[in-house]
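Enquirer: please work out how this folds:
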Amino acid sequence: MSDFYIIPVIDVLNSMAVHAIKGERSRYKPLDSVLFDTHNPIKIIKSLKSMGFSKIYVADLDAILKKTPNFDLFKQFGSIPSVDIMLDPGIRKKDDIYKYFQFNFFKLIIGLETIKNLKTITKILKIVQKNSVLVSIDMFQEKIKAENKDLNNSDPREIVMKLEKLGISEIILLDLFRVGQKMGGVPELFKNINKKFEGNVYIGGGVRNLNDIKEYKKLGFSGILIGTALYDGSVKYKDLLV
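Expert: The predicted structure follows:
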């Protein structure tokens, strides 16, 4: 599956990897997997690297929920060569960006769930190059999920078009309702956004099997974030790296 990125997801809560389901974070439990026997994010990243994955998405739920980033963990990421880390650290305001410069992440994720407002994204793009950030279109049942009351429950299609005008060239369509449920299929909303947005569109949540991934690739998406279906063996990692 060359030219289409398969990106394993690691959700970190209380500094350990957890299994995310439907965005119900109070119910998240330590991650169990057929691929490895550890909850340690560093060991998991090293295992995924040994399997051939070169890009890994990390959601720091401690930062997103409690505003307590796992800085000690981030320092250890730098000791793992040849792995590109895409980190969502719950960025809320422009100055939050400065906290992460020293770690040299491949991409910093700006999540709509936590960002103060869209003007904050404009300010961030004056500090960093647009190819170093990626905006996560955080949703719940196809409506924007955000702390900002003007963004919350808005139409993702409208927000994506606004982001494109701001200069954003890469987005993740992440519907928390689909996370961990292996619902399968490609939502019509995702297809619609992918057709209209000129940049790269990645998908997070809902992968059931290899056929789902092949369908996303066929439809011209740029890649997919995968967690549950990879970790429980529903999708064999060797099938993803051919």
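
Enquirer: and the residue nearest the centre of the chain, bridged to which residues?
Expert: Nearest residue to the geometric centre of the chain (Cα atoms, centre = their mean): residue 57, 5.4 Å. Using DSSP bridges, the bridge partners assigned to residue 57 are residue 9, residue 86.

Enquirer: so it makes contact with residue 86?
Expert: Yes: using Cβ atoms under 8 Å, residue 57 makes contact with residue 86 at a distance of 4.6 Å. For every residue, glycine as well, the C-beta is placed using N, CA and C.

Enquirer: anything in contact with each of the two?
Expert: By Cβ atoms under 8 Å, 6 or more residues apart in numbering, residue 57 and residue 86 have these common neighbours: 7, 109.

Enquirer: do you know how far the residue nearest to the centre of the chain is from residue 123?
Expert: Using Cβ to Cβ, to the nearest Å, residue 57 is found at 24 Å from residue 123.

Enquirer: what's the answer for residue 168, then?
Expert: Taking Cβ to Cβ as the criterion, residue 168 is separated from residue 123 by 13 Å.

Enquirer: list residues touching both of those two?
Expert: Shared contacts of residue 168 and residue 123, defined by Cβ under 8 Å, 6+ apart, are absent.

Enquirer: tell me which of the two has more neighbours.
Expert: Between residue 168 and residue 123, counted using other Cβ atoms under 10 Å, residue 168 has the larger neighbour count: 22 against 14.

Enquirer: need the pLDDT of the more buried one.
Expert: If you check residue 168, the pLDDT there is 97.

Enquirer: that one against residue 132, yeah?
Expert: No: using Cβ under 8 Å, residue 168 is not in contact with residue 132, being 11.8 Å away.

Enquirer: so where do the helices sit in this structure?
Expert: For the chain, the helices defined by DSSP state H cover 41-51, 61-66, 71-77, 118-125, 156-166, 188-196, 210-218, 228-231, 237-240.

Enquirer: could you give the mean pLDDT of the last one?
Expert: Averaged across helix 237-240, pLDDT comes to 91.

Enquirer: and it, what does it pack onto?
Expert: Helix 237-240 is packed against helix 210-218, with contacts defined by 3 or more Cβ pairs under 8 Å, 6 or more residues apart in numbering; DSSP states H and E.

Enquirer: only the buried residues of the helix it packs on, if you could.
Expert: Within helix 210-218, the residues scored as buried using 16 or more other Cβ atoms under 10 Å are 212, 213, 216, 217.

Enquirer: name the nearest residue to the second one, sequence neighbours excluded.
Expert: Counting by Cβ to Cβ, 6 or more residues apart in numbering, the nearest residue to residue 213 once its immediate chain neighbours are dropped is residue 224, at 5.8 Å.

Enquirer: what's near enough to touch that neighbour?
Expert: Per Cβ under 8 Å, 6+ apart, neighbours of residue 224: 4, 5, 6, 7, 202, 203, 204, 207, 213, 216.
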